[in-house]
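Trainee: Any chance you can model this:
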Amino acid sequence: MSEAATLPETVAPLGPLWSRMKSDPQYAPEHLALDAVRRLGPEAASWAARCRLDNPRITGDALAAAAVRRFTTLARISGSVSGATGLPAAVLDVGVLAWTQSRMVLHIAAAYGLDPAAPERAADLLVLQRVHKGAESARTALGVAAGRERASRLFTEVCDRPLTGVMMKLGYRLGQMAGLHAARRVFAKRAAWVTSAATRELAARARAQFRTV
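Mentor: Next comes the predicted model:
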């Protein structure tokens, strides 16, 4: 099985999702999780199906290991996708990292035979990424974020907060999601070893959870 041929490259969470997260930074992780399951869940399911078709004897552990190797590498280089500079670039880098990690978790779920596009995967993402301590609080927050998303389609939200404040809040929330606990330092130095370590720790939690489901 060729990992390069079967696993996709990283993609920045731009467009409507990025706009929603900037307008509602408090619920940025929830918006990202909902969008990841919608957009990346089917991709992860197709990947796992192709791999099993190519190699019917492949195990869930082997598939999960392939996903972890690939997405850990992508997480390490995720900071290079942005052409911006300064604070916007730092926040975008952290957003790409959180998106790449979410993609990895959904591929691990698919490797162990779970449906990565199922709605409950969004709560799994938030708990595994330690945004919420339990599934119940994660589901509650997701419901709030989904309601705010629906409302934003009907009304144009005017944000009168300073852009710097919005970006700092967004960066902090996404940094929490990406496992960058020292979020204030993220903007000064985005070291590859920090992102790799956070991604490996997340992978270990995801494998432990999904392997026993």
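Trainee: what's the strand or helix carrying residue 69 packed up against?
Mentor: Assigned by DSSP states H and E, residue 69 falls within helix 60-77. Secondary-structure packing of helix 60-77 (3 or more CB pairs under 8 Å, 6 or more residues apart in numbering; DSSP states H and E): helix 3-6, helix 28-54, helix 86-111, helix 192-211. For the C-beta atoms, the positions are set from N, CA and C on the backbone; glycine is no exception.
Trainee: The same query, at a cut-off of 7 Å, please.
Mentor: helix 3-6, helix 86-111, helix 192-211 (3 or more CB pairs under 7 Å, 6 or more residues apart in numbering; DSSP states H and E).
Trainee: Can you mark which positions in the helix or strand following the first one are buried?
Mentor: Heading C-terminal from helix 3-6, the first helix or strand you meet, by DSSP H and E, is helix 16-23. Within helix 16-23, the residues that count as buried by 16 or more other CB atoms under 10 Å are 17-18, 20-23.
Trainee: can you check stretch 138-146 too?
Mentor: 138-139, 141-142, 145-146.
Trainee: Do I have it right that residue 21 meets residue 31?
Mentor: Yes: using CB atoms under 7 Å, residue 21 and residue 31 qualify as a contacting pair, with a distance of 5.3 Å.
Trainee: dump the residue contacts of the closest residue to residue 107 other than its chain neighbours.
Mentor: By the measure of CB to CB, 6 or more residues apart in numbering, the closest residue to residue 107 outside its immediate chain neighbours is residue 67, 3.9 Å from it. Applying CB atoms under 7 Å, 6 or more residues apart in numbering to residue 67 gives the contacts 7, 104, 107-108, 111.
Trainee: rerun at 10 Å
Mentor: 3, 6-7, 44, 47-48, 51, 103-111, 203, 206-207 (CB atoms under 10 Å, 6 or more residues apart in numbering).
Trainee: Mind giving me the packing neighbours of the helix or strand hosting residue 125?
Mentor: Residue 125 belongs to helix 120-128 when assigned by DSSP H and E. Counting contacts by 3 or more CB pairs under 10 Å, 6 or more residues apart in numbering; DSSP states H and E, helix 120-128 packs against helix 28-54, helix 86-111, helix 135-154, helix 192-211.
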